[in-house]
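> sequence plus predicted model, see below.
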Amino acid sequence: MPHLSPEYDSQDLQACVAMMQGGSKTFFAASRLLPMRVRAAAIALYAFCRVADDLVDQGGDAQANLSILKQRLDLIYAGTPTDAVEDHALALVVQHHQLPRLFLDALLEGFAWDAQGRRYQTMEDLQAYAARVAATVGGMMCWIMGPQAPLTLARACELGVAMQLTNIARDVGEDARNGRIYLPLQWMVEAGVQPDEWLQNPKMNANLKTVIERVLQEAEQLYKQAQAGIAELPADCRAAILAASLIYAEIGHQLRREGLDSVSHRTVVSTRRKLVLLATAWTQSGWIYAQRNPVQPLQAIAFLIAPEVLNADERMRTLNFPNRAMPQRIEWVLGLFERLENERRGRKTASQPL
């Protein structure tokens, strides 16, 4: 593991450890299949997204927190990031990959919608929300892997939307207990469920199950639509993205096996099943083919693949960033996060009784 200079050995790193403890198990499972050149950038993106989400979600003045995040992005894109480890790592990604800022601005807009407690009348409205909080992440992952063609980006963004719809179907009860409804209100009313009344006493019933099933069907269609885009990714990245797709889709399959009850409990995919899906992705990733007649991109993600997004912004060509060769930067980011994880495990072991 590369040596880390004292300038990076700060309390900020300990805060990052705490952040990663509650991280996405699916993300880290699938990231193991990413090549080293991409994994570092992916972890850096994930770290910033987690910190941003937590900051907006922590309470207090959400708009003030959003303003802080926008200022941090200003500094990142100016090549003068704050001392926060996630900002420093993201600045490396921005500089090397010329990552369009629109993705991150749209992500923050989605966080703002959450802070406002928005509800979504139609599936199209819900897809617009998912485009911001999830399609943006899919688009950024695709961007850093290499292919930046509009249709390939579109498929990656659609995969993000599919994953978010799966999350929404799985977390109906948890969201309700937090006073939130993400299911399309129109679909709830059509099924005979009055949203405000149900929210006062959130319980599972047959009518609500039909709404959850419809959301899962929408997600499944997007998983299928997005899979062809995996064939357009670099060969060494396909298995990881296919794994993430299969594991998230499995959440929906497992939810159906459990009777579509996402109010009484939260569906999880077992570690054994994840390992099977990881192996499946590894063996099947070479057999995915692009569509001859691809379908049109989902309307909700159109703004993320517009021509102006695909043109690199000259402001991203920063001159103020520390002068390190890219291999050294990748080693530093990988080493940093691996060191943090090792420190976390060491503390956990030390705290256990003998």
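Yes, it's here. Given the structure is predicted, the values throughout are model-derived calculations rather than measurements. Numbering: from 1, shown residues only.

> where are the low-confidence patches of the stretch 251-354 of the chain?
For the stretch 251-354 of the chain, the stretches flagged by pLDDT under 70 are 291, 308-354.

> please redo it, this time with the cut-off set to 80
For the stretch 251-354 of the chain, the stretches flagged by pLDDT under 80 are 286, 288-294, 307-354.

> which residues of it fall in helices?
Per DSSP state H, counting those that start in this stretch, the stretch 251-354 of the chain carries helices over the ranges 271-284, 307-310, 326-351.

> for the nearest residue to residue 282 once chain neighbours are set aside, what are its contacts?
Spatial nearest neighbour of residue 282, excluding adjacent residues (CB to CB, 6 or more residues apart in numbering): residue 239 at 4.9 Å. In short, each C-beta sits where N, CA and C put it, glycine included. By CB atoms under 8 Å, 6 or more residues apart in numbering, the residues touching residue 239 are 33, 281, 282, 285.

> now the host helix or strand of residue 86: average pLDDT?
Secondary structure from DSSP states H and E places residue 86 in helix 85-97. In this model, helix 85-97 has an average pLDDT of 88.

> elements contacting that helix?
Packing contacts for helix 85-97, counted by 3 or more CB pairs under 8 Å, 6 or more residues apart in numbering; DSSP states H and E, involve helix 11-21, helix 36-57, helix 62-77, helix 136-145, helix 326-351.

> how far out from the middle of the chain is it?
17 Å (CA atoms, centre = their mean, to the nearest Å).

> next secondary structure after it?
helix 101-115.

> now do that next one and helix 85-97, the angle between them.
150 degrees (axes from the mean of the first three to the mean of the last three CA atoms, to 10 degrees).

> elements contacting helix 101-115?
Helix 101-115 is packed against helix 36-57, helix 62-77, helix 136-145, with contacts defined by 3+ CB pairs under 8 Å, 6+ apart.

> one more pass at 6 Å, please.
Applying 3 or more CB pairs under 6 Å, 6 or more residues apart in numbering; DSSP states H and E, one finds that helix 101-115 contacts helix 62-77, helix 136-145.

> most neighbours per residue, which of the ones you listed?
Compared across the helices and strands packed on helix 101-115, helix 136-145 shows the largest average neighbour count, a mean of 26 (mean count of other CB atoms under 10 Å).

> which other residues reach that helix?
With CB atoms under 6 Å, 6 or more residues apart in numbering as the test, helix 136-145 has contacts from 38, 41, 45, 97, 99, 103, 106-107, 153, 156-157, 159-160, 233-234, 237, 304.

> narrow those residues to those that are buried.
By neighbour count, with 16 or more other CB atoms under 10 Å, the contacts of helix 136-145 hold 38, 41, 45, 97, 99, 103, 106-107, 153, 156-157, 159-160, 233, 237, 304 as buried.

> now, among those, which is nearest to residue 298?
Nearest to residue 298 among those: residue 157, at 7.5 Å, using CB to CB.

> was I right to think the closest one contacts residue 304?
Yes. Using CB atoms under 6 Å, residue 157 is in contact with residue 304, at 5.4 Å.

> just read off the phi/psi values of residue 83.
The phi and psi torsions at residue 83 (degrees, to the nearest 10) take the values phi -70, psi -10.

> burial count for it?
By other CB atoms under 10 Å, the residues close to residue 83 number 10.

> likewise for residue 205?
Neighbours of residue 205 under the rule other CB under 10 Å: 13.

> where does the spatially closest residue to it that is not a sequence neighbour land in three-state SS?
Excluding the flanking residues, the one nearest residue 205 by CB to CB, 6+ apart is residue 193, at 7.5 Å. At residue 193 the chain is in coil, as set by DSSP: H, G, I helix; E, B strand; the rest coil.

> what is the burial count for residue 193?
18.

> just checking, it touches residue 208?
Yes. The criterion here is CB under 6 Å, and residue 193 meets it with residue 208 at 5.5 Å.

> that older thread, ranking the contacts of residue 239 by neighbours, who comes first?
residue 281 (23 neighbours).

> for that one, give me its contacts.
If you count contacts by CB under 6 Å, 6+ apart, then residue 281 has 239, 242, 243, 246 around it.

> what about the second one, how many residues close to it?
It stands for residue 242. 27.

> which strand or helix spans it?
helix 238-257.

> tell me what angle that helix forms with helix 271-284.
140 degrees.

> show me how far helix 238-257 is from its chain's centre.
Using CA atoms, centre = their mean, the offset of helix 238-257 from its chain centre is 14 Å.
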